[in-house]
Structure formats: structure tokens, C-alpha cells
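Participant: Sharing a model prediction with you, sequence too.
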Amino acid sequence: MTSTQIDVAATAEAVVSAPPASPQSPRGRRRGPLLTVMLWICSLYFVLPLFWLFIASTKDNEDLFSTFGLWFGNRFALWENLRSVFTVQDGIYAQWALNTVIYAVVSATGATLLAAMAGYAFAKYEFPGSRALFSITLGAIMIPLTALALPTYLLFSKVGLTNTPWAIVIPSLVSPFGVFLMRVYAADAIPDSLIEAARVDGAGEFRIFGQVALRLLGPGLVTVFLFSLVATWNNYFLPLIMLNSSSLYPLTVGLAQQQAASAAGGGSQALFSTVITGSFVSVIPLVVAFLFLQRYWQSGLATGGVKA
Amino acid sequence: MNKAPKAALTLAAAAVSTSLVLSGCSSAAGTTGGGGAAAAPLGQDAITKALNTPTTLTFWTWVPDIDKQVKLFQAKYPKIKVKVENVGQGLEHYQKVRTAVKSGQGAPDVVQIEYQFISSFTLTKSLLDLAPYGADDLEGDYVPWVWNQVKQNGGIYAIPQDTGPLGNLYRTDIMKKAGIATPPATYDEYAAAAQKVKDATGSYISNLPSNDPAQVTGLLWQAGIKPFSYDGNRTVGINANSPEVKKVLAYWQGLIQKGLVSTDGDFTDQWYQGFASGKYAGWLTAAWGPIFLQGTAKGTAGKWSAAPLPQWARGQNASGNWGGSSDAVLASSKNPIAAYELAKWINNDKSSTTKFANEQFLFPAAKNVLEDPAFTGGKSSFFGGQQVNKQFAEISGTVDTKFEWLPFMDYAYSAFNDTVGKAIGDKGDLSAASDAWQTKLVSYAKAQGFTVK
């Protein structure tokens, strides 16, 4: 144990003090075992829960509680679990999934558009109070959504919007972080000269935004879109307090409700494997979205990183 | 589930429950007089008229598949439409009810309420007294101890739905290995059996969860202890550290400290595993326990048996209750007659109560099922062919009838977890912990403006 630690420390030192690799073969540079080990640990850290989720969704209730968590149980029950996910309580899971998709996509699209407009305006226009407004936006990043949920509930209840889809979509349209990101991104991605040129050619400000700026903002837009998509997809507390009808629930609240039904005592339904399989199914679309949009996402982050 | 929102909900619940806001309700029938004023029983004409008027009722409940019962009701009264909504379970559900009542918007007509929380709603005058609507006549239809749970100062505030009289579920195979032929009849025998089970098999005779005030309360209830009382107004009685309470707790402390009883939190992964793996040789649990086990510990089918709880003195025959709930009508309901008929019908008509017992496996409160041979005669293969329902139906008759609650059980339970529950988990001094619980309860009650007897 100790000797490995020393090895690791020595390697670390070697890595740190190693001279810059020769320009001829930057890719061929040997990466120290420390880095490799760290990366493996990181990937394990992120992948293990997903792996567990997958394994658990192939088990029935009995195996869930009696077999080792990170390997298959005695019986492969994935198909029947999937069937029960979509049939329990008259298949309300499909309704929840649809709700989640609608809430997440509508909110993310709206949030991205608003953030792009606001970020662009902050980056490219000088107007009185722009600094103050931007500071307020920055400050808003620090307020967790959960803290705003109760005041939002009271406001929505006053205007009679609770227990409607609007109660989820409207609060999710605002993304201070998205505004911040878009401002940083727009400042660098859109050259002022381009805007000047467009103005000289007689384009109006909205046309410049729509036809010039939006195109250049592509990677940034995808980044903000993914952020808001994930945030709304995973939102639990807001729908929990806003909604009362099961038919309006998103997956998060619905699954939590089924989970609670497992531990209800009287009248309980042992839905453990159903809930776990349901959770597994519910993360698949997000994983797919990330894989497909990865290209934009990576270039978006990288570009911001270099230029900022 | 996330901890923070739950804490926030509890806080908010406490805040709302103590604000004593009467929702904006004006219909004469909807007002709940303290003590059920001199409201004359409604005439049959009014009821018939209400049931033949097109009405939409909203019903908040977390009973799974309750649509089945509601469909029966709608078939009987086609003019009444019922919207069933599940807004959460337990504290989440109550928080939503309180918020809706307070905001005067979107409140349901009929709500599910567990017995221990009824008084927290009558405190805020949120529940309709059902006696003038005919609930008085239902007394004979339910087990006496349950009826006392929904009755307060002459008013009837809910219709009982299900119950959880306590019994002793145990693994016959493990007991046999330990040389125990019959279930322990007294707590002394139970302690001796615990030692034998541990020595012979390594299993714990049962688990006393560190996170479940309701089970411990049920065990106190069995011992004839009344730690709480409430006059329906502003006076509460709190005796959470009486010598009787301490005697029961000292007994369990002994078993815990000798390593004969485990203290895993219940409804946790570890606990489910404990049943599947035979870590626990038994469970002192409610009448809903048998079905619950079948869902979570299928592999142990056929090895279980059910018996009454051990007794504090030989020859006694007493039990307590853990769980169960009722359906109440909110005072703000615009259709109180129809709402009452819904709450009553699904919990009183035999076609509906039988479904509750046989399809949702709620242990019945209504005698029309409890005394029905079709129900009690059923044999459970999970319990080696035993007539488990019959066993628990008999136990239900032995539950002490006079148990009362505080109008702030959500606080009482969370304070329990911080004191006695924590001491159970730490294998610590339960007597001192009950003193701490008592102190917390008294100061909370005073801070909320109650007079403490």
C-alpha cells in the first residue's frame, strides 16, 4: 500500500516536472499512470450508479433484496419489469413520460431563446443600467430554484395557474445561468464588425439577431438548451408543489409517488422493481440527447474556454 | 426522497396548521360548529335531491386503484362524477390539503386522513362534522375502537377506511430451529425466546426501527398507556415519559442492548433485505403486514405464521393499532351531502369494503367484512395455510378503545425521531430519551398556545 503511494507520488512529480512534449508528436505523449487511474476512478464514479440502475432493473423484487447489487440476480426480469412499468395504474407512466418531454422541450426551447436574446443584448448593446441588470442576473444564479418554489407557488395560486402545465413551464423559462453563458459566448462569437456591416447593409436589429447572430451562436445555444432540458427534466420540487392531478405529473413526481406506494404499509403495492425500471427508462432519453448533441456541446464549451 | 423538500414541507405544514385560518366557506351546511351544534339530521329528501343533481366531487387519496370503488359509487349514483387525485402520501398529502384549504382554491371535497392526524384538521376547523348528515347511525357498523378515533366531542369527522391492529408475525422455521414450539404469550417469554433464537440461529427475534414512531406508539397503545390527550379545543395532555412508558421502553432497551433485537430503520433497503435473508425471525406489526411481506419477501413464502402480540401479564389479551386511515369531508366543500355520501358509501357498502379488503388488501374497519366468513375464512399459503385474516380480525377486537392523539402529531413524530428514535438506533438510554421527548412536546405545545394538562 505504502509503496504504491510512493510510486504514485513519484509519478505525479514526474508528470508535473516533465518538460513539454516535443511538438512533433503531441498525441504520442505518454500520460502518467496517475492520470489514467484518476480518469478510471472518475468514470467508475459516474458510470457505477447507472450500471447499478441497469442491473437492478433486470431483477424482480425478491432478487433486489437478496442478491449482490452490481451483478445480475437469479432471474432476468427486465422484460416483465418493462411491461409492468407501462401497465401499472393503467399505464400512467406513458402519460408522465409524455408530460416530462413536453415540459422539458417547451421550457428548454423557450429558455434558450430568451437566454440568447438577453445574452446577445447584454453583450452587444450599451444601454443605461446594463451593468446593474447583468449583476442582478448574475446574483440570480446563486438563488437555488428550490428556494423560489414556494413564493412562485403563492403567486401562481393567486392567478389560478396551479395544477396546470403553465405552472411548470413558465418558471422554467427563466435561466439566469443561460443568460450569463450566452453573454460570454456572444461577446466572442459575434464580431462587432459583422453587426456593423449588417447595419450598413440596412438590416434591422431583429433581423441581425435572427439571421446573423443566432447562426453564430449555435454551439452556445445547444449548451444552454441541454442545461435547461436537464434541469426541467429532473425538476422535482416545483411540480411536486404545483401539481395535484396525477395526469399532469412529470416522471420525477410520478415515480416518487409509486415509490412511496411501496412503503405505504396498509394498501401498499410492492412496486420496487417497477419504480427502478421506470427510473432507468426515464434517463435513457437524456443520455441519447447528450450523445447526439455532444459535438455541439463540446465545441461550445471549448470555444468559450479558449476565448474567455 | 430528497431530505430538504421534506423538511421544508414539514415546516410549512406546521406553520399552516397553527395559523388557525378558517377557509372562506359560507354555506350553512358547511359550517362546523364546535361540538356539532344543534344541527338537525338532514331529511331524506335533501339527500335524494343532492344525489340526483349533477355534481363533480374531488377526492384526494393515495389508496392505489381506488378507482374501482369509485366506479361502483358512480354506477350507483350516476349523476355524481368523482375526480380521484393522488397528491402524495402522508405528510406531503396533508401539506397539500392545508395549502389548498388556506389558499381557498382547489381544495378537494373528500380527503384521506390517517387517524392520528384527524385532530390536526379539526383544530383548524377544516373538517365537516358528519353527524348531521347521518354518520351517527353508522357507529354500529365499525369496530368500537376505530369509531372512537373518528369521534370528537360528539362530532363525527371521518369515516373509517382501514386499520392496523398489531400482531406478531414470525418465521416458524427459525423458531423451530431455536426449539420454540408456540409463539411467546408474554413479554417475559418473548425475551427468553429472543435469547434462544439468537443463540441457535443468529437471527434477531424482531427489529425495533429507529425511525418509526408509529410502531412504538402502537406498542404503547397495547400496554394501555395514553401518552397523549386532546380536549378538542386548546388543552392537550402529554405524558410521554410516564413510568408506564418508561417500563415499556426499558424492556426494549434491554433486548436491544443485549443484541437480541436489531434497530434498522424500517422501509429501508437494509430492512427489506433483512426479511429476505432471515435476519429477522419476526415482526411485531399491523394487520397490513402479512400482505406487505408477501410483496417484499416472496422467497420466504410458507414459512410465516401470525399470532397475537405477547402480553404484559399472563392471561391478558390486548393490542394496539399501527396505521390505517379514514375519509373525511372538508368544511369548504360546496357539495357536502354528496361528498359525505361518497366517503360513507365506499367505506360502508359491502361491495366496496369487500373490494378494499380483497383487492387493495386494506385491513377492514367495517364489521360487514370483518365478520364475513368469506373474508376471515381465507387461507394464506404465504402463512402456511393459516387463516391470517381471522387471526387479525380477532386481534382487532382486543385493541384498547380509548387511545387519543395530539393535534400536532407531525411534530410529535419528528421529535420522537430526534429523541427516542435516535436512542434506539444508538442503543442508548431510552428513559432519558423519553424525558427529552416529553420536554420537546411540552414546550412546542406551549409555544403553539395550547394549555398543557
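Facilitator: Yep, it's here.

Participant: CA atoms for contacts and neighbours, from now on please.
Facilitator: Fine.

Participant: For the closest residue to residue B:274 other than its chain neighbours, list the residues it contacts.
Facilitator: Leaving aside its chain neighbours, residue B:274 sits nearest to residue B:280 (6.0 Å; criterion: C-alpha to C-alpha, 6 or more residues apart in numbering or on different chains). Contact partners of residue B:280, counting by C-alpha atoms under 8 Å, 6 or more residues apart in numbering or on different chains, are B:203-207, B:274.

Participant: Make JSON lines out of those and add pLDDT.
Facilitator: What follows is the contacts of residue B:280, written out as JSON lines (pLDDT from 0 to 100):
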{"residue": "B:203", "pLDDT": "96"}
{"residue": "B:204", "pLDDT": "97"}
{"residue": "B:205", "pLDDT": "96"}
{"residue": "B:206", "pLDDT": "96"}
{"residue": "B:207", "pLDDT": "96"}
{"residue": "B:274", "pLDDT": "93"}
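
Participant: most neighbours, which of those?
Facilitator: residue B:205 (28 neighbours; other C-alpha atoms under 10 Å in any protein chain shown).

Participant: That one contacts residue B:259, correct?
Facilitator: No. Under the contact definition of C-alpha atoms under 8 Å, residue B:205 does not touch residue B:259, with a separation of 10.1 Å.

Participant: and residue B:85, how many neighbours?
Facilitator: 19.

Participant: nearest residue to it other than its sequence neighbours?
Facilitator: With sequence-adjacent residues excluded and distances taken as C-alpha to C-alpha, 6+ apart, residue B:85 is closest to residue B:60, at 4.9 Å.

Participant: and chain B, which of its residues are near chain A?
Facilitator: Taking C-alpha under 8 Å from any C-alpha of the partner chain as the contact definition, chain B meets chain A at B:1, B:5, B:62-65, B:85-89, B:96, B:103, B:105, B:162-164, B:267, B:269, B:272-273, B:276-277, B:288-289, B:292, B:295-299, B:323-324, B:360-363.

Participant: repeat that for 6 Å
Facilitator: B:85, B:87, B:267, B:273, B:288, B:295, B:360-362 (C-alpha under 6 Å from any C-alpha of the partner chain).

Participant: For those, work out which two are farthest apart.
Facilitator: Greatest spatial distance in those: B:85 and B:273, 32.3 Å, computed using C-alpha to C-alpha.

Participant: mind giving me the domain split of chain B?
Facilitator: Structurally, chain B divides into domains by automatic domain parsing as follows: B:44-163+B:323-376, B:164-321+B:401-452.

Participant: Of all those domains, which one comes closest to residue A:193?
Facilitator: Here domain B:44-163+B:323-376 is closest among the domains of chain B (C-alpha to C-alpha), at 55.0 Å.

Participant: can you give me the end-to-end distance of the closest one?
Facilitator: In domain B:44-163+B:323-376, first residue to last residue: 35 Å (C-alpha to C-alpha, to the nearest Å).

Participant: Give me the distance between the residue nearest to residue B:85 and residue A:149.
Facilitator: 22 Å.

Participant: Residue A:273 now?
Facilitator: 31 Å.

Participant: correct me, but residue B:129 touches residue B:156?
Facilitator: Yes. Taking contacts as C-alpha atoms under 6 Å, residue B:129 lies within contact range of residue B:156: 5.5 Å.

Participant: Identify the residue spatially nearest to residue A:269, adjacent ones excluded.
Facilitator: residue A:262 (5.0 Å).

Participant: So in the chain, which helix runs the longest?
Facilitator: In the absence of a named chain, chain A is used. Using DSSP state H, we find that the single longest helix of chain A is helix A:78-124.

Participant: think we crossed wires, I meant chain B
Facilitator: Assignment by DSSP H; longest helix in chain B turns out to be helix B:430-447.

Participant: What lies in contact with that helix?
Facilitator: With contacts defined as C-alpha atoms under 6 Å, 6 or more residues apart in numbering or on different chains, helix B:430-447 is touched by B:240-241, B:246, B:419-420, B:423.

Participant: Counting neighbours, what do you get for the closest residue to residue B:300 other than its chain neighbours?
Facilitator: Sequence neighbours aside, residue B:276 is the residue nearest to residue B:300 in space, at 6.8 Å (criterion: C-alpha to C-alpha, 6+ apart). Residue B:276 has 23 neighbours, counted by other C-alpha under 10 Å.

Participant: Other residues contacting the one helix or strand residue B:276 maps to?
Facilitator: Assigned by DSSP states H and E, residue B:276 belongs to helix B:269-277. The contact list for helix B:269-277 (C-alpha under 6 Å, 6+ apart) reads A:65, B:280, B:297.

Participant: again, 7 Å this time
Facilitator: Contacts to helix B:269-277, defined as C-alpha atoms under 7 Å, 6 or more residues apart in numbering or on different chains, come from residues A:65-66, B:264-265, B:280, B:296-297, B:299-300.

Participant: May I see the buried residues of that helix?
Facilitator: Within helix B:269-277, the residues that qualify as buried by neighbour count (16 or more other C-alpha atoms under 10 Å in any protein chain shown) are B:271-277.

Participant: who does residue B:380 bridge with?
Facilitator: residue B:386 (DSSP bridges).

Participant: Just after the longest helix of chain A, pick out the following helix or strand.
Facilitator: helix A:130-141.

Participant: That following helix: how far from the chain's middle?
Facilitator: Its chain's C-alpha centre and that of helix A:130-141 lie 23 Å apart, by C-alpha atoms, centre = their mean, to the nearest Å.

Participant: the helices in the stretch 251-400 of chain B, which residues?
Facilitator: Here the stretch 251-400 of chain B has its helices, by DSSP state H, counting those that start in this stretch, at B:269-277, B:289-296, B:336-348, B:350-358, B:367-370, B:373-376, B:388-396.

Participant: nope, the stretch 1-150 of chain B is what I meant
Facilitator: Under the criterion DSSP H, counting those that start in this stretch, the stretch 1-150 of chain B contains helices at B:3-17, B:44-51, B:67-76, B:91-103, B:118-122, B:144-150.

Participant: Over to the stretch 151-300 of chain A?
Facilitator: Using DSSP H, counting those that start in this stretch, helices in the stretch 151-300 of chain A cover A:166-172, A:176-189, A:192-200, A:205-207, A:214-216, A:218-234, A:237-242, A:251-262, A:272-307.

Participant: quick one, what contacts the nearest residue to residue B:111 once chain neighbours are set aside?
Facilitator: Using C-alpha to C-alpha, 6+ apart and skipping residues adjacent in sequence, the residue nearest residue B:111 is residue B:60, 4.9 Å away. For residue B:60, the contact set (C-alpha under 7 Å, 6+ apart) comprises B:84-87, B:108, B:110-112.
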